[in-house]
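Colleague: how does the following fold in three dimensions:
(one chain, ligands or ions: 3)
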Amino acid sequence: MADWTDCLNFGISIAKQASEVGVMATNENAVKLKSSPADLVTETDQRVEKILISAIRNRYPQHRFIGEESVAAGEHLELTDSPTWIIDPIDGTVNFVHRFPFVAISIAFTVNRQTQFGIVYSCVEDKLFYAQRGGGAFLNGEPLHASGQQGDITRVTSHMCYITHDIMSRDDVALSTMTSNIRRLLQFPVHGVRALGTAAVDMCQVATGGADAYYHIGMHCWDIAASAIIVQEAGGVVMDTDGSEFDMMSRRVIAASSAAVADRIAQVIQAFPCCRDDEDNCGCGATGVN
Ligand SMILES: O=P(O)(O)O[C@H]1[C@H](O)[C@@H](O)[C@H](O)[C@H](O)[C@@H]1O
Ligand SMILES: [Mg+2]
Ligand SMILES: [Mg+2]
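Modeller: Ligands and ions are numbered 1, 2, ... in the order given. As a prediction, the model looks like this:
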């Protein structure tokens, strides 16, 4: 079996180097809107992605890329069997613009469409989450473990602290679906709901055991591809919101400490229509999540 450790170590080193650009940036005023008033991009997002991709391409010229801002600029999104780097240069751009201190670089690496490793570097906190397939998950070098296999699901859900996400879309269908989902989950009842504003770091909280579950509808593959393997390698479970197998292109995810918690959440949350990442012009009509 191929060993991708050199790629992992290189990915970690360039994530840390590139974060200097983001943390030092002062040009938040150059902010543009993408698919909704909550979906922003700055020149720093674009600069960090260019730095990452050129460094990787220089070392691994045969590798392919799926970069958030390259796709936003019109590059075709296609996941093939080739070694592929899936990059979110700044996850939490709204936080970056508002100086809310949770901003991450997220890098996943796939071969034959299977994720081999994931890196989430929470730059302001200086927290490096990473995992390699079969090698466990780590935070700043310390092993990570999800909050464990839960027994009585009713006890768990009434004691669960779960993470959801900001609702990016401002579309009526999406807003009413997401607010009723949150209401149903609160009625479990759970201990609390949290959202840091970066899908990657939010989802990594399940790997640390700090949250028992996370779910999102409408995000993109680059938001969660890295944190998905980090949760799995920490002993957690990742699945689609309908309970089926996780598909990073579906734009739906549940991450949880155990299958019992994930299944319980899948029973109560509903999805709204949104295009797959790898689907061209699906015309689903739900604005803000296209
Ligand atoms: O655009 P960036 O890279 O900041 O990613 C964010 C998404 O835009 C949100 O939909 C999503 O809800 C999360 O906030 C995610 O971090
Ligand atoms: Mg993102
Ligand atoms: Mg981003």
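
Colleague: and the spatially most central residue of the chain, what does it touch?
Modeller: Centroid-nearest residue in the chain, with CA atoms, centre = their mean: Ile224, separated by 2.2 Å. For Ile224, the contacting residues are Ser106, Ala199, Ala200, Met203, His216, Met248, Val253, by CB atoms under 8 Å, 6 or more residues apart in numbering. To be clear about C-beta, it is placed using only N, CA and C from the backbone, and glycine gets the same treatment.

Colleague: tell me which parts of the stretch 51-200 of the chain are close to ligand 2?
Modeller: Contact residues, the stretch 51-200 of the chain versus ligand 2 (CB under 5 Å from the ion): Asp88, Asp91.

Colleague: which residues in the stretch 51-200 of the chain form helices?
Modeller: Assigned by DSSP state H, counting those that start in this stretch, the helices in the stretch 51-200 of the chain fall at 68-72, 93-98, 153-158, 172-186, 199-208.

Colleague: make CSV out of the ones you listed and add mean pLDDT and distance to Ser19.
Modeller: Conversion of the helices of the stretch 51-200 of the chain to CSV gives the following (pLDDT from 0 to 100; distance: least, CB to CB, whole Å):
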stretch, mean pLDDT, distance to Ser19
helix 68-72, 96, 16
helix 93-98, 91, 11
helix 153-158, 52, 36
helix 172-186, 87, 30
helix 199-208, 95, 13
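
Colleague: wait, which of the ones you listed is closest to Cys274?
Modeller: Nearest to Cys274 among those is helix 172-186 (7.7 Å), distances taken as CB to CB.

Colleague: that closest one packs against which elements?
Modeller: On a contact count with 3 or more CB pairs under 8 Å, 6 or more residues apart in numbering; DSSP states H and E, helix 172-186 meets strand 192-194, strand 213-217, helix 259-268.

Colleague: which of the ones you listed sits most buried?
Modeller: strand 213-217 (a mean of 27; mean count of other CB atoms under 10 Å).

Colleague: run the angle between that strand and helix 199-208 for me.
Modeller: Between strand 213-217 and helix 199-208, the angle comes out at 150 degrees (axes from the mean of the first three to the mean of the last three CA atoms, to 10 degrees).

Colleague: Asp242 - how many residues pack around it?
Modeller: Counted by other CB atoms under 10 Å, the residues lying close to Asp242 total 12.

Colleague: going forward, begin numbering at 52 instead of 1
Modeller: Taking 52 as the first residue, the last one we looked at is Asp293.

Colleague: chain neighbours aside, what residue packs nearest to it?
Modeller: Of all residues not flanking Asp293 in the chain, Ala317 sits nearest, at 6.5 Å (CB to CB, 6 or more residues apart in numbering).

Colleague: quick one: that neighbour from Met290, how far?
Modeller: Distance, Ala317 to Met290, by CB to CB, to the nearest Å: 7 Å.

Colleague: what do those two both touch?
Modeller: Ile305.

Colleague: hang on, Ile305 packs against Met290?
Modeller: Yes. Contact criterion CB atoms under 8 Å: Ile305 and Met290 qualify, at 5.3 Å.

Colleague: joint contacts of the two?
Modeller: With CB under 8 Å, 6+ apart as the test, Ile305 and Met290 both reach Ala313, Ala317.

Colleague: where does the stretch 202-341 of the chain dip in pLDDT?
Modeller: Low-confidence segments of the stretch 202-341 of the chain (pLDDT under 70): 202-212, 214-221, 332-341.

Colleague: at 80 what do you get?
Modeller: Scanning the stretch 202-341 of the chain for pLDDT under 80 picks out 202-222, 240, 332-341.

Colleague: ok, Ile305 and Met290, which is more surrounded?
Modeller: Neighbour count, other CB under 10 Å: between Ile305 and Met290, Ile305 has more, with 26 against 22.

Colleague: ramachandran coordinates for the more buried one?
Modeller: Taking degrees, to the nearest 10, you get phi -120, psi 130 for the backbone angles of Ile305.

Colleague: once you drop chain neighbours, what's closest to it?
Modeller: Nearest one to Ile305, counting by CB to CB, 6+ apart, is Tyr266 at 4.5 Å.

Colleague: residues touching that neighbour, list them.
Modeller: Taking CB under 8 Å, 6+ apart, one finds Tyr213, Thr215, His216, Asn232, Thr292, Val304, Ile305, Ala306, Ile316, Ile320 in contact with Tyr266.

Colleague: how about Val171?
Modeller: Contacts of Val171 by CB under 8 Å, 6+ apart are 142, 155-157, 179-181, 251-252, 255, 277-278, 281.

Colleague: list the contacts of the residue nearest to Asp293.
Modeller: Neighbours of Ala317 in contact, by CB under 8 Å, 6+ apart: Met290, Asp291, Thr292, Asp293, Gly294, Ile305.
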